[in-house]
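Chemist: Any chance you could fold what I've pasted below:
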Amino acid sequence: MRLTIFTIICLLTITACNKEKRFSSKLMKGQTWNVTAITVDDKALAPKGQWLITTDVGIYDSVPSAKWIDGEEDAVFEWQFQDKGESFYLSYVQQKDEVDGNLLDTLDYFAYYLTGKYTVDVHKKDRMVFVSKTTLEYEDKEVKIEIQR
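Modeler: Here you go, the predicted structure:
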C-alpha cells in the first residue's frame, strides 16, 4: 500500500515537471514565430514582427531567449514557462552595445514595457496566446500577445 502511494506521488511529481518542459519544447531554437497581434485593452499596438528563438537550452539549467525582429529594429528577451505551463514570463534584456540609451530603438522600449508574467491562454503547436495585467508599462490593463508559426 505504501509503495503504491509513493509510486503515485512520484509519477505526479514527474508529470508536473514535464509539463513545463513540454510547453517549452514548442519554442525551439531556430524557430520563427510571427507576432500576429498585440493588444492593450483590446486596442491594437503597432509593433508586430517575428520572434526568432535563439537559444535551445534545458529549461532547468538556464533561461531561454529570443530575438524580436520588426523591420530594422530588434530586441532581445528571455522567456520561460512556469506553473506547470500555465504561466509565461517575458523579460527584456538590454545588450552590452545598447548601454548608451541613444542606441536603443523603439522595439527595445516596447519589449521592456511588455516585461511581465502572462497567463497562457492558448498553447498549440502553431499558435500561442499570452494574457497579462501585470506588465511593467500597462499594469491593470489587459495585454494580449498572439504568436503563430
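
Chemist: so which strand or helix has Tyr92?
Modeler: strand 87-93 (DSSP states H and E).

Chemist: Show me what that strand packs onto, helices and strands only.
Modeler: Applying 3 or more CB pairs under 8 Å, 6 or more residues apart in numbering; DSSP states H and E, we find strand 87-93 packed against strand 73-82, helix 106-113, strand 116-123, strand 127-132. No exception for glycine: its C-beta is placed from N, CA and C like everyone else's.

Chemist: The same query, at a cut-off of 6 Å, please.
Modeler: strand 73-82, strand 116-123 (3 or more CB pairs under 6 Å, 6 or more residues apart in numbering; DSSP states H and E).

Chemist: Same question for the longest one: list its buried residues.
Modeler: Pointing back at strand 73-82 there. Applying a neighbour-count criterion of 16 or more other CB atoms under 10 Å, one finds 73-81 buried in strand 73-82.

Chemist: which residues touch it?
Modeler: 20, 23-24, 63-68, 88-93, 105, 107-108, 111 (CB atoms under 6 Å, 6 or more residues apart in numbering).

Chemist: Mark which of the residues you listed are buried, thanks.
Modeler: If we count by 16+ other CB under 10 Å, the contacts of strand 73-82 have these buried: 20, 23-24, 64-68, 88-93, 107-108, 111.

Chemist: By mean pLDDT, show me the worst of the helices and strands packed on strand 87-93.
Modeler: Lowest mean pLDDT of the helices and strands packed on strand 87-93: strand 73-82, a mean of 91.

Chemist: who does that one pair up with?
Modeler: strand 65-70 (antiparallel), strand 87-93 (antiparallel) (DSSP bridges).

Chemist: can these go into TSV with extra columns for distance to Thr134?
Modeler: What follows is the strands paired with strand 73-82, written out as TSV (distance: least, CB to CB, whole Å):
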stretch	distance to Thr134
strand 65-70	20
strand 87-93	10
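
Chemist: okay, Thr106: pLDDT?
Modeler: 88.

Chemist: how far away is it from Thr55?
Modeler: To Thr55, Thr106 is 24 Å away according to CB to CB, to the nearest Å.

Chemist: what's the answer for Tyr89, then?
Modeler: From Tyr89 over to Thr55 the distance is 15 Å, taken as CB to CB.
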